[in-house]
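S.K.: Prediction below, plus the sequence it came from.
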Amino acid sequence: MRRSKNGPEPSARGNFTPPPRGAAPAPVPGPDSTAAPSSSGGRFSPRNWRVPTRLNAILLIPVIVGLVMGGFQVKSSIDTWREAEDAENTARLVRASLSYADALYQERDSTAAPLLSGQGQDNATVVAARKKTDEAADAFDEAAQNMPQKAGLERRLTLFRDGEGGLQTLRAGAYTSSKLTGVKTEEGYTQIAHPLTEFANELGLGTGNITSYGRTVYAIELTKAALSLQRSIGMHLLIKPGPGLSSFASQKVALSSYAYLEGIAVEEYVGGGTEADAAKLDTAKKQIQAEGAALAKEAAAKNPNYVPPPSNPVDMVSSLAQLPSMDQSAREALGKDGITAENWWAVNTLKYNAYRQIETDLADTAVDEAASIADTAKRDAFIVGAAVVVALLLAFILAGAVARQMSRSMRQLRNAAFGIAEQRLPMLVDQLSRTDPGRVDTRVAPIPINTKDEIGEVARAFDQVHREAVRLASEQALLRGNINAIFTNLSRRNQSLIEGQLTLITDLENNEADPDQLENLFRLDHLATRMRRNGENLLVLAGEEPGRRWDQPVPLVDVLRAASSEVEQYERVELSGVPEAEIHGRAVTDLVHLLAELLENATTFSSPQTKVRVTATRLPDGRIMIEIHDKGIGLTAEDFADINHKLANPPTVDAAISQRMGLFVVGRLSDRHGIRVQLRPSGEQAGTTSLVMLPDAITHGGGGEHQPDRDEFTVSQIIPEQNYGGENFNNGLPMRTAAELGFDDSRYSEVPDDIRELDPVGRSLMREERRAALESQNGGEPAALQGPNPSYTDAFDAPQSAPQTGYDNGRSGFPEQQPASYDQQTSYEEAQQAPYEEQRQTAYEEPKRPAYDEPYFAQNGGLPQSDTFSPGGGYPEPSYTEPVQEEPAAVHAAAPETFSGFEERRYQDDWPQPESYQNGYPDQYAPEAESVQAADVSERDRVGFERPGPAPASVGHELTDA
């Protein structure tokens, strides 16, 4: 991952540098592609509903809205109906209360003359008046039973009931000097009748302005009450004033006051009422004058000595209020002016009856209007309710018919699309991957939907997509097969030469005693190792696996040291805080390759005087996070986001990959094993920190966490020294999670429990052992030879003792035993004898098909995956059986001392050859060895399409839970 020396433009951050901003395509409006994919939700999430369910939900929404709105309308009509009924009952109660109050006034006024004259309570006039009052009371009680439950009405009724109880006592002592004087009798009747007049203020619906109408009724009622008091007091003064001068004076003052109150009440009536109400009062006044004149004329005809009353009733009140004394002579003097008890009663009764008529008309109008509104509201409530129900039923039936037709078309389109996606297209792609495209029938049968709506247009568009997919599959079958073959063959040719070079360098290192010369050989070894890694990058581009693998777990510290030994400036790499853990043997090679790319990038773009620190920590969930921290030039926030997105989502192979191959390789290698790689700023210091999260499926063992070194920054803050004895330096502190250590897990989906099949790997750390052995022989350690891992002290005197496997002859399906040293490997010319068809060893016995409960599309661009890793970038691959190899006795005899990190640990430094398939034809080509000849004409068109075969027909599908 070094910066290209011959590139057209220097890179700012090695192979991780994104393309120049000027060359970036214009952004396309849409959702942020770098954001973590949103969760699909649960089974009952609306986004996972079936189309019929969604259509029904769409229909249900307007139905519910219609029901709610119609319900509101019906409720409004019902509320209006109830309010109108309440207003009608209130108006009836007001009318009854006015009648009751009028009866009390009539009883008080009409009984004044007989009781004051001493005729007693058995007088016919008294009995008749009290009987009418009792009848009015019964009518009021009946109306009160239907009274609405309103606070104002209940309060007024309570006040009236409190005063009504004293009516019988008032009657028993009315107008008697021993019990109740005339003044007290008049005030007693007023206290009982006044709460009844206040019910008029509760008139409501149907009477126009509620407040003004109630005021009008109350004003005319108050006018009538004031006039009634004037009539009663005047009769008292004209028949029997007093008793006593104080009572006489009070009666005259009260007469004047109630006359004034009558005038105020009349003005209130005119001001609060309508023009019709005012006209009605004027008509009543004219009628009073006419009737008074008629009565006076009639009386004059009967009695020639009859003196008519004054034409203006106000003059009568003024004269009576100025009565000089209680003597009979004073009253007789008034009689000469026509102011007698009979004239007083007649004139005021005419006025009283006129006011009573206006009051009755207003009360009847309120009752009639409220009753009319109640009937109308009742009728409207039934009509609105029926209309809402009928409209909703019609809308639901029509919408249901349309939705059913749409659902039927959508279901037909869905079934046809799934038939193409799961049966016809996979079968065709599988045939193209195994057969010459010219021999495959690529005709496309259209979806049987002939409508001209949007669904029919989608069907036609899907047919076109189907045809284009078949055409592209045919072209890609030719293109991808040729490109993969070119990459694979070129890479393995180069690696064959590099392996020979490494073998020669290893022999020279083993036979060299001069430290300076040995250091030069080590540098040459490093250069060759980097060349080999570059060749392995080409294999990754082709989707193949490297041919080297371990079949035993390797300690994590050995993996880190092996990775650091593959970079040019290895002496700058410093390991610290590495927990006791082992890496799955089949992941070692790719992990070493991945870490080497990151280490080379860190050393290349940081100052040569700084160290590149490598730490590791085990998380509570069993994963291990490796941190590579440098103090280099750093990156911008946009570059970090772009790189992390590419690491989480490895791009496809294109021409731009050659300019940033390291980024592609790291992403592909991490994707193989479920490893997660992220880049972060180094916090307060300059530089970049690479975070490598190892899943627990490829790690073994564990050594606990350790206290971090506060002098040097790392994201995880791990101590620089590692206790390999298993002692825990965490001082009982809780283990921190990945989020606390700065790693963002939100951009990844869940790692499956059964990790995909791991690919093989290769080379050990014997250079460090050889260096340590020479240093111990020379009695010191040269400064130039200080490696990243000074803790290795065991001598590695016989590197040949590491057992290796040779090239497979391609015939038996198992690798043959080969001597361990690199110089005894099978030569390129001998390997050329292995024919391609013999190497494949395919047996078409039972096709391997993906079950419906497996994910149909993978995360790497929608391509299918199997449960195990396959080198074709996520495509299924037949599993290989690792051969158990017998270690030659000669090898053990030649190497009595071996490096403890590799004791009883075997690795294969060769290309693995597949054994015969056990589960039918393979999903794609097996890895090609360098000795394989070019494919013949019948095989060259085959590509790695990952459809292992058509899925069985089914009415359901895993994606839709159908």
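M.R.: Done, it's in. Residues are numbered from 1 along each chain as shown.

S.K.: what helix or strand does residue 72 sit in?
M.R.: Using DSSP states H and E, residue 72 sits within helix 51-110.

S.K.: Moving along the chain from that helix, name the first helix or strand you hit.
M.R.: helix 112-116.

S.K.: What average pLDDT does the helix or strand following that next one get?
M.R.: Using DSSP H and E, the helix or strand that follows helix 112-116 in sequence is helix 124-145. Mean per-residue pLDDT for helix 124-145: 90.

S.K.: Please point out which parts of helix 124-145 sit buried.
M.R.: Under the neighbour-count criterion of 16 or more other CB atoms under 10 Å, helix 124-145 has 126, 129-130, 132-133, 136-137, 139-140, 143-144 buried. (C-beta placed from N, C-alpha, C; glycine too.)

S.K.: Which one of those residues is nearest to residue 406?
M.R.: Checking the buried residues of helix 124-145 against residue 406 by CB to CB gives residue 143 as the nearest, at 61.6 Å.

S.K.: The closest one against residue 96, yeah?
M.R.: Yes. Using CB atoms under 8 Å, residue 143 is in contact with residue 96, at 3.9 Å.

S.K.: Switch the buried residues of helix 124-145 over to CSV; also include distance to residue 80.
M.R.: Below are the buried residues of helix 124-145 laid out as CSV (distance: CB to CB, whole Å):
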residue, distance to residue 80
126, 48
129, 42
130, 42
132, 38
133, 37
136, 32
137, 33
139, 28
140, 27
143, 22
144, 24
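
S.K.: what's the closest non-adjacent residue to residue 188?
M.R.: Closest residue to residue 188 apart from its sequence neighbours, by CB to CB, 6 or more residues apart in numbering: residue 170 at 4.3 Å.

S.K.: For the one you found, grab the count of nearby residues.
M.R.: For residue 170, the count of nearby residues is 21 (other CB atoms under 10 Å).

S.K.: Check the secondary structure at it for me.
M.R.: helix (DSSP: H, G, I helix; E, B strand; the rest coil).

S.K.: give the contact list for it.
M.R.: By CB atoms under 8 Å, 6 or more residues apart in numbering, residue 170 lies in contact with 180, 185, 188-189, 192.

S.K.: Any figure for the gap between the nearest residue to residue 575 once chain neighbours are set aside and residue 648?
M.R.: The shortest distance from residue 575 to any residue other than its chain neighbours is 5.1 Å, reached at residue 614 (CB to CB, 6+ apart). Remark: distance between residue 614 and residue 648 (CB to CB, to the nearest Å) = 22 Å.

S.K.: repeat for residue 682
M.R.: Counting by CB to CB, the gap from residue 682 to residue 648 is 20 Å.

S.K.: One more: residue 83?
M.R.: Applying CB to CB, the value for residue 83 to residue 648 is 66 Å.

S.K.: circling back to that earlier point, among the contacts of residue 170, which are located in helices?
M.R.: In this view, the contacts of residue 170 that belong to helices under DSSP state H are 185, 188-189, 192.

S.K.: Reformat those into JSON lines and put pLDDT next to each item.
M.R.: Below are the ones in helices among the contacts of residue 170 laid out as JSON lines (pLDDT from 0 to 100):
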{"residue": "185", "pLDDT": "83"}
{"residue": "188", "pLDDT": "86"}
{"residue": "189", "pLDDT": "87"}
{"residue": "192", "pLDDT": "88"}
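
S.K.: what packs against the helix holding residue 72?
M.R.: helix 124-145, helix 151-164, helix 182-197, helix 210-239, helix 341-419 (3 or more CB pairs under 8 Å, 6 or more residues apart in numbering; DSSP states H and E).

S.K.: Strands of the stretch 601-750 of the chain, start to end?
M.R.: Per DSSP state E, counting those that start in this stretch, the stretch 601-750 of the chain carries strands over the ranges 612-618, 624-629, 676-681, 688-694, 699-700.

S.K.: Those strands: which one's closest to residue 57?
M.R.: Closest approach to residue 57 among these is made by strand 676-681 (38.8 Å; CB to CB).

S.K.: list the helices and strands the closest one packs on?
M.R.: Contacts defined by 3+ CB pairs under 8 Å, 6+ apart place strand 676-681 against helix 637-648, helix 661-673, strand 688-694.

S.K.: Looking at these, spot the one closest to residue 421.
M.R.: Across these, closest to residue 421 is helix 661-673 (CB to CB), at 24.3 Å.

S.K.: give me every residue that touches the closest residue to residue 354 other than its chain neighbours.
M.R.: Nearest residue to residue 354, sequence neighbours excluded (CB to CB, 6+ apart): residue 284, at 3.8 Å. Going by CB under 8 Å, 6+ apart, residue 284 touches 354-355, 357-358.

S.K.: and with 10 Å instead?
M.R.: Counting by CB atoms under 10 Å, 6 or more residues apart in numbering, residue 284 makes contact with 350-351, 353-355, 357-358.

S.K.: Just among the residues you listed, which is most surrounded?
M.R.: residue 355 (26 neighbours).

S.K.: Could you pull out the strands in the stretch 451-600 of the chain for me?
M.R.: Remark: strands assigned in the stretch 451-600 of the chain by DSSP E, counting those that start in this stretch are 548-550, 554-555, 573-575, 582-583.

S.K.: buried stuff in stretch 472-484?
M.R.: 473-474, 476-478, 480-481, 483-484.

S.K.: For residue 614 and residue 648, indicate the residue with more neighbours.
M.R.: Neighbours per residue (other CB under 10 Å) separate residue 614 from residue 648, with residue 614 holding more: 29 against 20.

S.K.: where's the more buried one relative to residue 391, distance?
M.R.: 75 Å.

S.K.: I am finished for the moment; much appreciated.
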